[in-house]
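[1] prediction below, plus the sequence it came from.
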Amino acid sequence: MNEHDLHPRFAGTRPVAPQHAFDEAALAAWMRQHVGGFSGALTVRQFSGGQSNPTFLVQAGDGFYALRRKPPGVLLPSAHAVDREFRVISALRATDVPVAPARALCEDPAVIGTAFYVMDHVPGRIFWDPKLPDCTPDECRAIFDELGRVMAALHCVDPAAIGLADYGKPGQYLQRQVARWTKQYRATETERIEAVEQLIDWLPAHLPAEDAAAGGRIVHGDYRLDNVIFHPTEPRILAVIDWELSTLGDPLVDFAYHCMTWRMPGSRGLADLTAEQWALSGIPTEADYVQRYCERTGRSGIDAARWTYCMVFNMFRLVGILQGVHARALQGNASSPEALATAARLKPLAEQAWALAQTGSL
């Protein structure tokens, strides 16, 4: 197929990377058996974005599907849980949280080498730069308002009402998360970073008292602007994607992770906007965005010390995620060609987190 002849839906894709190639005939045979309406010759392309679970666009006839699979190679036991992704998006179809329609899950690695699931492909816009340089101030305002609305909608879902009461462990959410991400970091550590060592000591020693709501809501775990698909022309989210890290947990921790965008510099964040740029951009300040979230979720406010701890923890957690990306890149199976460059963010982010931790304690 000539690159110029690709269907418009293939925008943002590339040929399947050699390390992620699989038996496409075996996939076609499986889909004919398990995906209703699937027929015709199969074409597979790999989405350019994503660092963890490789994602592919599959076309057969007039049908377009997205396939998410575990990456090949040696994996951490609890990582890349495509079965959990499939379960949560299936359950959320009955709520106000927009997700892609799930089609089928395959847990048999004999089909294409690793477990995977198939969902409908949702065409639309993904914004990679939170500064939204190509949008007007009104568009920026509307996009961020929708982004906040959907996160609040997720945190207002009753897990038991949609069959997800057992989707995570009850209680001690932050304590378990600190231990988990320390373990994840150690399992993929490639060099000693002094700021990380400080954080590993500080976080368990300064755990805040548990919030009454902690452990009781669905948390996405990686909710950010480039993990949602917007309508092609409207400021409306059609699907939240990349549910790999979702569980039951403290919604404030989940929200703080999302709000790290306001603390990050460069193309990944908003921290280097000047006061004049803020005023002209239409993008809300962190304080305004947090206030609107509180209004939508019925919170009277957020304790400043707890918010700081959540920010520090989430920066540490992101360090752990980036460390995993770096380790997979060294193994040659990271899903993004930019994985090694992403790893360069490790040390600066750890140092930023440690500096924030020293500004106050619980």
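    Okay, I see it. Residues are numbered from 1 along each chain as shown.
[2] give the other helices and strands that the helix or strand encompassing residue 183 contacts.
    Residue 183 is part of helix 173-188 when elements are defined by DSSP states H and E. For helix 173-188, the contact count by 3 or more Cβ pairs under 8 Å, 6 or more residues apart in numbering; DSSP states H and E identifies helix 194-205, strand 247-249, helix 251-259, helix 304-331 as packing neighbours. C-beta coordinates here come from the backbone N, C-alpha and C atoms, glycine included.
[3] among those, which comes closest to residue 30?
    Residue 30 lies closest, by Cβ to Cβ, to one member of those: helix 304-331, at 25.7 Å.
[4] turn the helices and strands packed on helix 173-188 into JSON lines, including mean pLDDT, mean neighbour count and distance to residue 358.
    Output for those, formatted as JSON lines (pLDDT from 0 to 100; neighbours: other Cβ atoms under 10 Å; distance: least, Cβ to Cβ, whole Å):
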{"stretch": "helix 194-205", "mean pLDDT": "97", "mean neighbour count": "16", "distance to residue 358": "9"}
{"stretch": "strand 247-249", "mean pLDDT": "94", "mean neighbour count": "22", "distance to residue 358": "26"}
{"stretch": "helix 251-259", "mean pLDDT": "96", "mean neighbour count": "24", "distance to residue 358": "18"}
{"stretch": "helix 304-331", "mean pLDDT": "89", "mean neighbour count": "21", "distance to residue 358": "10"}
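[5] residue 283 is nearest to which of these?
    helix 251-259 (12.6 Å).
[6] what's the following helix or strand after the closest one?
    Next along the chain after helix 251-259, taking DSSP H and E as the criterion, comes helix 275-281.
[7] show me what that following helix is packed up against.
    Under the contact definition 3+ Cβ pairs under 8 Å, 6+ apart, helix 275-281 sits against helix 137-155.
[8] other residues contacting the helix it packs on?
    Contacts of helix 137-155 with the rest of the structure, by Cβ atoms under 8 Å, 6 or more residues apart in numbering, involve 92, 95-98, 127, 132, 135, 217-220, 223, 225, 228, 230, 235-237, 240, 251, 254-255, 258, 280-284, 289, 292-293, 296-297.
[9] next step: those residues restricted to strands.
    Counted as lying in strands by DSSP state E, out of the contacts of helix 137-155, are 217-219, 228, 230, 237, 240.
[10] can I get those in JSON lines including pLDDT?
    Below are the ones in strands among the contacts of helix 137-155 laid out as JSON lines (pLDDT from 0 to 100):
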{"residue": "217", "pLDDT": "94"}
{"residue": "218", "pLDDT": "96"}
{"residue": "219", "pLDDT": "96"}
{"residue": "228", "pLDDT": "97"}
{"residue": "230", "pLDDT": "97"}
{"residue": "237", "pLDDT": "98"}
{"residue": "240", "pLDDT": "97"}
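[11] restricted to buried residues, select those in ChimeraX.
    The ChimeraX selection below is limited to those of the ones in strands among the contacts of helix 137-155 classed as buried (16 or more other Cβ atoms under 10 Å):
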select :217,218,219,228,230,237,240
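[12] ok, back up a step: between the helices and strands packed on helix 173-188, which one is nearest to residue 23?
    That would be, of the helices and strands packed on helix 173-188 and by Cβ to Cβ, helix 304-331, which comes in at 21.8 Å.
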